[in-house]
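Visitor: any chance you can model this:
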Amino acid sequence: MHGPRSRARRDQASYWPGFVDALSTLLLAIMFLLSVFVLAQFLLSREISGKDTVLDRLNNQINELTDLLALERSNSQDLEDQIRALTANLATSRSEQSRLQALLNEGSGAAGEAQQRADELSQTLDEERRVSRRALSQVELLNQQLTALRRQIAALEDALDASEVKDRESATKIADLGRRLNVALAQRVQELNRYRSDFFGRLREILGNREDIRIVGDRFVFQSEVLFPSGGADLNEAGLGEMTQLARALIELAQEIPEEIDWVLRVDGHTDNVPLSGTGRYRDNWELSSARATSVVKHLISENVPADRLVAAGFGEFQPLDTADTQDARDRNRRIELKLTEK
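Guide: Residues are numbered from 1 along each chain as shown. Coordinates of the predicted model:
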């Protein structure tokens, strides 16, 4: 029952535990080595990190030493500059000492020069004193002028105040005169209006109640056809008669109006808006209206109405009574207006 195969199996069974033990020991050794490696790696990292910190600290120290070295070099340069300056001053002092020694050796010659210098300074001082006295005199004169100017300004202010008082009084008087003048003018206007009413009343009595002669506001209005032929400026027979009667009434009125009322009778000529043919005596309505007003004035003068009491004016078609484009409107606009007014 116990043959060669059985022994072989027993031999294999006896080797296996030893192999397992060896393998376990090997694994433990490997794990130990790995632990040692990890620990060594950790320690190495810490060492490297510590060296970086130390290196940074060393770099900082190097930078500080570099700055100190630069400052020291600057201080050294300043000291060298000071040494050079002191050396130059020493040389100057030695030169000045030599010059003073030479002057001392000169003796009396130097004393004479010093005296001459003192005399020059004394003369300069005297001249400055004279200049100072002149300046003080000028200042005193300016002060006097300033005082006089202040007195003049005060006098001007007093005069200005007095002038303002007079101006206020004058303004009050002017305002009072203005009121009086306005009252006087109003009285004159009322008187002239009264004489105008009398004049118009007399004309109305003389001329009768005709439709072609009427009163419009403060004017006595004649239609042109009553006085002039169509397109003409010479008074017709009827117009001459009307104007003669007007002259008589005006002369009677002139004797009643006080001399202090400076009045005139204004004669205004008006036409319609129909253009003239251009072949007649007058080129346009301006000339026609002016000629008609002048014709009335000249006839009144010939009837002994004073020329300085008459005024002629032509308005053409530009002051219409009726702006309608009708024959009736044009007939109304052709007219002679009489207005008794002040100059």
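Visitor: what comes up buried for the helix or strand containing Val297?
Guide: For Val297, the host element (DSSP states H and E) is helix 285-302. Judged by neighbour count using 16 or more other Cβ atoms under 10 Å, the buried positions of helix 285-302 are 285-297, 299-300. Just so you know, the C-beta spots here come from the backbone N, C-alpha and C atoms, and that holds for glycine as well.
Visitor: kindly report the same for stretch 336-343.
Guide: Residues Ile336, Glu337, Leu338, Lys339, Leu340 are the ones in stretch 336-343 that count as buried (16+ other Cβ under 10 Å).
Visitor: check stretch 213-220 too.
Guide: Buried residues in stretch 213-220 (16+ other Cβ under 10 Å): Ile213, Arg219, Phe220.
Visitor: for the residue nearest to the last one when sequence neighbours are not counted, list each beta-bridge partner.
Guide: Once flanking residues are discounted, Phe220 sits nearest to Leu338: 4.3 Å by Cβ to Cβ, 6 or more residues apart in numbering. Each beta-bridge partner of Leu338 is listed here, defined by DSSP bridges: Phe220, Val267.
Visitor: mind listing the helices for this protein?
Guide: Along the chain, the stretches classed as helices by DSSP state H are 4-106, 108-207, 224-227, 237-256, 285-302, 327-333.
Visitor: can you pull the contacts of the residue nearest to Phe220?
Guide: Leu338 makes contact with Arg219, Phe220, Val221, Phe222, Leu246, Leu265, Arg266, Val267, Asp268, according to Cβ atoms under 8 Å, 6 or more residues apart in numbering.
Visitor: so how far is Trp263 from it?
Guide: Leu338 is 13 Å from Trp263, where distance means Cβ to Cβ, to the nearest Å.
Visitor: and Arg133, by the same measure?
Guide: To Trp263, Arg133 is 83 Å away according to Cβ to Cβ.
Visitor: alpha carbons of the helix holding Val297, as CSV, please.
Guide: Coordinates of each C-alpha in helix 285-302 appear next as CSV, following Å, rounded to 0.1, in the frame of the first residue of the first chain:
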residue,chain,number,x,y,z
ASN,A,285,-52.9,157.8,-57.9
TRP,A,286,-50.3,159.3,-55.6
GLU,A,287,-49.9,162.3,-57.9
LEU,A,288,-53.6,162.6,-58.5
SER,A,289,-54.5,162.6,-54.7
SER,A,290,-51.7,165.1,-53.9
ALA,A,291,-52.7,167.4,-56.8
ARG,A,292,-56.4,167.5,-55.7
ALA,A,293,-55.5,168.3,-52.1
THR,A,294,-53.1,171.1,-53.4
SER,A,295,-55.8,172.5,-55.7
VAL,A,296,-58.2,172.8,-52.7
VAL,A,297,-55.5,174.6,-50.6
LYS,A,298,-54.6,177.0,-53.4
HIS,A,299,-58.2,178.0,-53.9
LEU,A,300,-58.7,178.6,-50.1
ILE,A,301,-55.6,180.8,-50.1
SER,A,302,-57.1,182.7,-53.1
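Visitor: run through who's touching it.
Guide: Contacts of helix 285-302 (Cβ under 8 Å, 6+ apart): 224, 227-228, 231, 233-235, 240, 243-244, 246-247, 250, 265, 267-273, 275-276, 282, 307, 310-317, 336.
Visitor: buried subset of those residues?
Guide: For these, buried by 16+ other Cβ under 10 Å: 224, 227-228, 233, 235, 243, 246-247, 250, 265, 267-272, 276, 282, 310-317, 336.
Visitor: outline the domain layout of the chain.
Guide: 56-89, 190-342 (automatic domain parsing).
Visitor: and the last one, how far apart are its ends?
Guide: In this case it means domain 190-342. 12 Å (Cα to Cα, to the nearest Å).
Visitor: quick one: distance of that domain to the chain centre.
Guide: Going by Cα atoms, centre = their mean, to the nearest Å, the spacing between the C-alpha centre of domain 190-342 and its chain's C-alpha centre is 56 Å.
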